[in-house]
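> A structural model of the following input is requested.
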Amino acid sequence: MIRLENLTKTFVMYGQRKTVADNLNATFPSRTAVALLGRNGAGKSTLLNMIAGTLEPTSGRILSTGRVSWPVGFAGSFHPDMTGAQNVRFIARIYGVDSDALVDFVEEFAEVGKHFHLPFRTYSSGMRSRLAFGASMGIPFDTYLLDEVTSVGDAAFKAKSTAYLHDRLKNSGAIFVSHSTGAVRNLCTEAGVLEDGKMTYYTDIDAAIEHHERNMKVRAV
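Prediction:
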């Protein structure tokens, strides 16, 4: 379970203030896949980073139960001069899981070949995302934070990743950011729609998508 209590986040850029989260109050239930919908710049990734604890809110707080992943699809926390294997081993130690087992799992799952034993800075963006996704799938989190992860890799890798993610979500929850309504419908049953710093929460995924698409059409006119 993830609960937002009076959560506010404001950025100041070039003397201008932009509030992407304006006193948000919402609860993301346990063992439920919840989509975050909104246009570019609405604050979806910012909210994921606050939930992960990598970004501080301006005010308010986030309460959670269980173990929460980092934002999968984001590999910024990996050390550039360590190899993929070394980074995975370090993650295993942080989360208290068997390091040899995690390294073996990620090496097979990520499909980055010899790069797994080369410095992370030599990876393409796709390889970085594969490594991050593989590392997260190898750890049994209670809530997975997913940022456009279904767009990584070729068709075969996408199919494998989606199947493994569905298996993980039999016993875990997720907060999923994606611009693909097909992926959202395939994975999620509930959603929050972000617009102008506010969130409308839906237990009906189709109603949420309809609201989001209506927002997009209104702004596009």
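
> quick check: domain ranges of the protein?
2-67+143-220, 79-139 (automatic domain parsing).

> can these go into TSV with extra columns for mean neighbour count and mean pLDDT?
C-beta here means a position set from N, CA and C on the backbone, and glycine is covered the same way. Shown next, in TSV, are the domains of the chain (neighbours: other C-beta atoms under 10 Å; pLDDT from 0 to 100):
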stretch	mean neighbour count	mean pLDDT
domain 2-67+143-220	17	92
domain 79-139	18	94
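
> ranges for the helices of the chain?
With helices called from DSSP state H, the chain shows them at 44-52, 84-95, 99-110, 125-137, 155-168, 181-187, 205-220.

> Turn those into JSON lines, columns for distance to R31.
Shown next, in JSON lines, are the helices of the chain (distance: least, C-beta to C-beta, whole Å):
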{"stretch": "helix 44-52", "distance to R31": "16"}
{"stretch": "helix 84-95", "distance to R31": "20"}
{"stretch": "helix 99-110", "distance to R31": "23"}
{"stretch": "helix 125-137", "distance to R31": "17"}
{"stretch": "helix 155-168", "distance to R31": "11"}
{"stretch": "helix 181-187", "distance to R31": "13"}
{"stretch": "helix 205-220", "distance to R31": "16"}
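
> For beta bridges, what are the partners of the residue positioned nearest the centre of the chain?
With distances taken as C-alpha atoms, centre = their mean, the residue of the chain nearest its centroid is L146 (2.3 Å). With DSSP bridges as the criterion, L146 is bridged to V72, F176.

> quick one, what contacts it?
P71, V72, G73, L165, A174, I175, F176, V177, S178 (C-beta atoms under 8 Å, 6 or more residues apart in numbering).

> Nearest to S30 among the residues you listed?
Within the contacts of L146, the smallest distance to S30 is 10.8 Å, found for A174 (C-beta to C-beta).

> so that closest one touches Y144, yeah?
Yes. Using C-beta atoms under 8 Å, A174 is in contact with Y144, at 4.4 Å.

> Identify the contacts common to these two.
Joint contacts of A174 and Y144 (C-beta under 8 Å, 6+ apart) are L165.
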